[in-house]
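[1] here is the input, now give the coordinates:
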Amino acid sequence: MIGHILVAIDGSEHSRRAARFAHDLAQQTRARITLLYVLEPPRVLPIAFMESAAFTSPHTDPKDMENVQRLLEQVAADLPKAQVEKQVELGPPADTIVAVSQRLAVDLIVVGSRGLSLGGKWLLGSVSDRVVQHAGRPVTVVH
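    Down below sits the predicted model:
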């Protein structure tokens, strides 16, 4: 039985489709939904010959958090409010999704097949692929 669904949201159309899929499933099963947005920490690339580092993604600031909260509110607006919780975490997306799913003991993880990642799948691997491989629970990837 599905009683709690974790939906990873990143603002992409694929993640919005995943939220709609989870909503439809939750209506049938009376499951709760947790919308999760993962803020990536800045990536640091060491530059050995210069004894310094380069940042490849921006630092998180309060405006980022406001934008994330607004996004979660927009996505949650289409879902039954009594069944929806919203959560923001900082960390590597796939690992954080898996960790939160374990901490919340969810029954199902729903993710979009593609997101708004800075790196291409060929470079870093996709978040959905990594979640499927490491979740240890059912994962639905919505295309």
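
[2] from the chain's centroid, how far away is stretch 7-26?
    10 Å (Cα atoms, centre = their mean, to the nearest Å).

[3] any buried residues in it, and which?
    Judged by neighbour count (16 or more other Cβ atoms under 10 Å), stretch 7-26 contains these buried residues: 7-11, 14-16, 18-23, 25-26. C-beta here means a position set from N, CA and C on the backbone, and glycine is covered the same way.

[4] average model confidence for it?
    The predicted model assigns stretch 7-26 a mean pLDDT of 93.

[5] same thing with stretch 93-107?
    The average pLDDT for stretch 93-107 rounds to 97.

[6] closest one of the buried residues of stretch 7-26 to residue 89?
    Distance to residue 89, by Cβ to Cβ, is smallest for residue 8 among those, at 10.2 Å.

[7] spatially, which residue comes closest to that closest one, not counting chain neighbours?
    Of all residues not flanking residue 8 in the chain, residue 111 sits nearest, at 4.6 Å (Cβ to Cβ, 6 or more residues apart in numbering).

[8] tell me the secondary structure of that neighbour, please.
    Residue 111 falls in the strand class when you classify it by DSSP: H, G, I helix; E, B strand; the rest coil.

[9] still on that earlier bit, which among the buried residues of stretch 7-26 gets closest to residue 131?
    residue 8 (7.4 Å).

[10] which stretch of helix or strand covers the closest one?
    Using DSSP states H and E, residue 8 maps to strand 4-9.

[11] from the contact counts, what lies against that strand?
    helix 13-29, strand 32-39, helix 62-76, helix 93-104, strand 108-112 (3 or more Cβ pairs under 8 Å, 6 or more residues apart in numbering; DSSP states H and E).
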